[in-house]
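K.L.:
A structural model of the following input is requested.
(2 chains)
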Amino acid sequence: MQTNQEMLGTFIDKAGLVSAKVSRVKTLEEAFVYTAALCDTKEMCPLLVSGCELNLSEPSMQLCREKTGKIIAAPGLDKEQFASLRALCEDKGMELIEDGLRRHLGGLDIGFTVCDLGIAETGTLVLNSSSEEVRLATMVCETHVAVLPESKLRATSYDAEPEILEFMSSIPNYLSFITGASRTADIERVLALGVHGPLELHILLWEDK
Amino acid sequence: MQDATTLTEYKNQCQEALDDEFLRKAMDAFAKAYRTNRVNAFAGINEKALIAEIAAAKDGAISHLPELYEEFRVKAELAGVHVHLAKTAAEANEIICQIAKDNGCRKIVKSKSMTAEETLLNHRLEADGLEVTETDLGEWIIQLRHEGPSHMVMPAIHLSRYQVADLFTDVTKKQQDSDIEKLVKVARRELRAKYIEADMGISGANFAVVETGAIGLVTNEGNARLVTTLPRVHVALCGVDKLTPTLHDALRIIKALPRNATGQAITSYVTWITGANACATGPEGKKEYHIVFLDNGRLAMAQDPDFRQILRCVRCGACANVCPVYRLVGGHRMGHIYIGAIGLLLTYFFHGRDKAKNLVQNCINCGACKEACVAGIDLPRLIKKVHARIQDEDGHALPSVLLGKVMSNRKLFHTLLKTAKWGQKPIKDGSTGYIRHLPMIFGKEQDFRALPVVADKAFRDEWPEIRPNVDNPSYRVALFSGCVQDFVYPEQMKAGVRVMDGHGVEMEYPMGQSCCGLPLVMMGESGPARDVAEQNVKAIDPAKFDYIITLCASCASHLKHTYPRMLADDPQLAGMASVFAEKVIDFSSFVYDVLGVDKNDFREEGGQGKTAYHSPCHLCRGLGVTEAPRQLLRQSGLNYAPSAEEDVCCGFGGTFSMKFPQESRELLHKKLDNVKASGAVELVTDCPGCVMQLRGGTDVRKDGLRVRHIAEALADRKK
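P.N.:
Down below sits the predicted model:
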């Protein structure tokens, strides 16, 4: 059996190998601050261009134009948490939403979620995505910020199995294993991130114990 | 896609692929990178144990597919899923078209599904006026080009960035840059629009988990998440072989599938869908969710005691990744819809013998696929079996029938070989032992390597004179020469005898032995192959010997692994064959592991120049022997210099090199180029077939490389 510290080390290593950006936060509030700041400075980063700057067909250009201001989607937070993140966003002139994500399919800046489990051996997040808003927030966004409570970290997929089965027993269920950003190597086997989903995955390990 | 009607036409298509420079470069780079990535991905994992667990679990499920289906159906229906079972590909397509019609769907987005490729689903949907868009980047590219996949995991691996840029320029009506990152982003935006418009999403399924009623989808791009989320209707098309009792089974496969496919510990996404989930645009806010299970011959295959293991396949594509022939000709020639070794088999079962009859012959039997398969499928053997079955159904080719007739009659076969030594006189080059001018029947395409002549005196005729007398022997062994060393290279046998001499080994050469029968298996002649097996088992009574030694890796692995299986149907022979097989050992292992030959047996002064080693397919993979020959080279004072890809096939493959000379030639050149790059002046190997290929090749190329059997190299160094 791995100690918690070893497990944490493995998780950080493995998530890093698939180019996830891993940080640690002491509170959820700290994660909110991180997220708002990230969104605020986002356009500074030239890597995060998601295609709208390129030569697209007319219908796709039109879809790009639908997105105007900066938007963060954070479905699944409780009222208090949502208000707390919204205050930070409003300060910076950014919009925070928790539903109606189908109106934002052209693009979102950040999808923010709190994950249900982590699997250290592969640097994987397990996210119960039965809510359609959660699925869309984590797929339509350019950056996915995922908070993982450290108490939810398991060493292997087998160790997480009883809890995964528990999630699946609440029908219907849509469960996602997420390991790094959306990727492809379909053109000349060259790795490229963000082919459909997030271009970046930020994992915030929340020291909740 | 296979559209060649004759073998000649198929060979011409392979030649075109060989002439495609981009393809060759891409495939080479991929083959080399994959090798390293795979090793890294499995580091720290007990790979063999994991493979055995996967195979056992899959076998368990395969025995109960109808029951598993029923159980899954009940579970899934309770969760609001419509479950269908389609007997044929056409039926599956009809069901899906009907779902589209019933729900008034017009635009469809698809995530990657090999099963939908198998049923040619898109063609059927388009015939109904439905607009279908593949969303996996590679699949989208080949869809736009109206092509089939050239790899199961990387369907567009045969294309360059420039071809993709041209294609995207056409699609967007805007000039596109060939920068890969930009092309990927263009696809991101163009496909985003497609998801939004679509009213139906079609996915495959990697797993159908019976205990939960969930399907599992393994993807990197995440397109399956959008396909199964945005449209109001979701149809998953899933082979019945994907039914698995527990989540644990699926988690186990996930430990191996991405590692074996792309060298990843896990894919970016694994998605588990249980029941009809929330969908804002669906009826009553729920997804209209259908799972279509496809039989298409799978349930019948599950009943076949041998071919059922094909259903273990997890579709990782590794059997193509490591296949030296795939590396040369690419997936469009090494498959129909399914690619690689598994593709050769599935083509026969799913798409019929006309599509498979040429393909199955293009297997060099090197065993690389079998070793890489995470489900432990005995791919090369099953390919030969399908080849034999096609011959039985379609009629045997004349040369193949003749070979069978001649070889199963030892006396006739040996008489012909001995006669050949008179017949070859006019074409023989006295000084070198090669045939100088190939007779017309061989044709020009065979001239990439010089072919040896039949020796003046066969080993069997020399044996009574050279047989060593041993008092108080420690080991009693039978020598099995195989036809090449008996009639072409008897000097290799003599060298082997000399190396073993002085170690208390009493050797016998049973005269009733014949060809091992592997060439017959390669030609799809299973009847005569069995006949010679029986002759050999009867000729060499295993009870009389401690070991049966062969200096031919191909014979050794054939005797050891195939004989017990071929003779299993005869109760009397079966027992004998298994004892026989147990006693078979290759020369290097016997000399190093059993006799313990070490540096004391060899002269002290070192050898001249570096010696490279070619690891015969049937030794390193067939018998799992890798250390003994290399240790012997070191112990004997030869300067063993490792070279790149030592365990990749030399291109001989017995009758393969006669049938596909252009491919054999390329593999030979790769091998010799690697050896040359190591700076070696000598190349040593453990198989007379490899010697024939490599020596003949260096002779034509004038590489100045000496090629010898390891027995000759060791005998030369012996004190």
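
K.L.:
By mean pLDDT, which helix or strand of the chain comes out lowest?
P.N.:
No chain specified, so I'll use chain A. Of all helical and strand segments in chain A, the minimum by mean pLDDT, DSSP states H and E falls on helix A:58-65, at a mean of 85.

K.L.:
not what I meant, chain B
P.N.:
The helix or strand with the lowest mean pLDDT-type score in chain B, counting by mean pLDDT, DSSP H and E, is strand B:428-429 (a mean of 70).

K.L.:
burial of B:Lys718, as a residue count?
P.N.:
The number of residues packed around B:Lys718, counting by other Cβ atoms under 10 Å in any protein chain shown, is 15. Where you see a C-beta, it was placed from the backbone N, CA and C, and this is true even at glycine.

K.L.:
let me redo that: B:Arg24
P.N.:
Here the neighbour count serves as a burial measure; for B:Arg24 (other Cβ under 10 Å) it reads 17.

K.L.:
Mind listing what's buried along the helix or strand it falls within?
P.N.:
With the criterion set as DSSP states H and E, the secondary-structure element containing B:Arg24 is helix B:21-41. Along helix B:21-41, these residues count as buried under the neighbour rule (16 or more other Cβ atoms under 10 Å in any protein chain shown): B:Leu23, B:Arg24, B:Ala26, B:Met27, B:Phe30, B:Ala31, B:Tyr34, B:Arg35, B:Asn37, B:Arg38, B:Ala41.

K.L.:
Please report the distance of the residue located most distally from the centre of chain A from A:Trp206.
P.N.:
The outermost residue of chain A, judged by C-alpha distance from the chain's mean C-alpha position using Cα atoms, centre = their mean, is A:Glu58 at 29.5 Å. Distance of A:Glu58 to A:Trp206, computed by Cβ to Cβ, to the nearest Å: 44 Å.

K.L.:
Report the backbone C-alpha coordinates of the least confident helix or strand of chain A in CSV.
P.N.:
What follows is the C-alpha trace of helix A:58-65 in CSV, where atoms were taken according to Å, rounded to 0.1, in the frame of the first residue of the first chain:
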residue,chain,number,x,y,z
GLU,A,58,-18.4,30.8,-43.0
PRO,A,59,-20.7,28.8,-40.7
SER,A,60,-17.8,28.1,-38.3
MET,A,61,-16.8,31.8,-38.3
GLN,A,62,-20.4,32.7,-37.4
LEU,A,63,-20.2,30.3,-34.4
CYS,A,64,-17.0,32.0,-33.3
ARG,A,65,-18.7,35.4,-33.4
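
K.L.:
what pLDDT, on average, does the helix or strand following that helix get?
P.N.:
Following helix A:58-65 in sequence order, the next helix or strand is strand A:71-73 (DSSP H and E). On average, the pLDDT along strand A:71-73 is 96.

K.L.:
Who does strand A:71-73 pair with, and is each partner parallel or antiparallel?
P.N.:
Paired strands of strand A:71-73, with direction, are strand A:95-97 (parallel), strand A:108-114 (parallel) (DSSP bridges).

K.L.:
what's the closest non-adjacent residue to the residue nearest in space to the middle of chain A?
P.N.:
Most central in chain A under Cα atoms, centre = their mean is A:His144, positioned 2.6 Å from the mean C-alpha point. Leaving aside its chain neighbours, A:His144 sits nearest to A:Pro198 (4.1 Å; criterion: Cβ to Cβ, 6 or more residues apart in numbering or on different chains).

K.L.:
what sits against A:Ile187?
P.N.:
Counting by Cβ atoms under 8 Å, 6 or more residues apart in numbering or on different chains, A:Ile187 touches B:Leu137, B:Gly138, B:Ile141, B:Ala156, B:Leu159, B:Arg161, B:Val164, B:Ile180, B:Leu183, B:Val184.

K.L.:
tell me the SS of it?
P.N.:
Taking DSSP: H, G, I helix; E, B strand; the rest coil as the rule, one finds A:Ile187 in the coil state.

K.L.:
quick one: contacts for the residue of the stretch 401-550 of chain B found nearest chain A?
P.N.:
At 30.3 Å from chain A, B:Phe448 is the closest residue in the stretch 401-550 of chain B, using Cβ to the nearest Cβ. Taking Cβ under 8 Å, 6+ apart, we find B:Phe448 in contact with B:Pro661, B:Ser664, B:Arg665, B:Leu668, B:Gly697, B:Val700.

K.L.:
Of those residues, select the buried ones using a ChimeraX command.
P.N.:
Remark: buried members of the contacts of B:Phe448, expressed as a ChimeraX selection using 16+ other Cβ under 10 Å:
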select /B:661,664,665,668,697
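
K.L.:
Adding pLDDT, write the contacts of B:Phe448 out as JSON lines.
P.N.:
Formatted as JSON lines, the entries for the contacts of B:Phe448 read as follows, by pLDDT from 0 to 100:
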{"residue": "B:Pro661", "pLDDT": "95"}
{"residue": "B:Ser664", "pLDDT": "97"}
{"residue": "B:Arg665", "pLDDT": "96"}
{"residue": "B:Leu668", "pLDDT": "97"}
{"residue": "B:Gly697", "pLDDT": "95"}
{"residue": "B:Val700", "pLDDT": "94"}
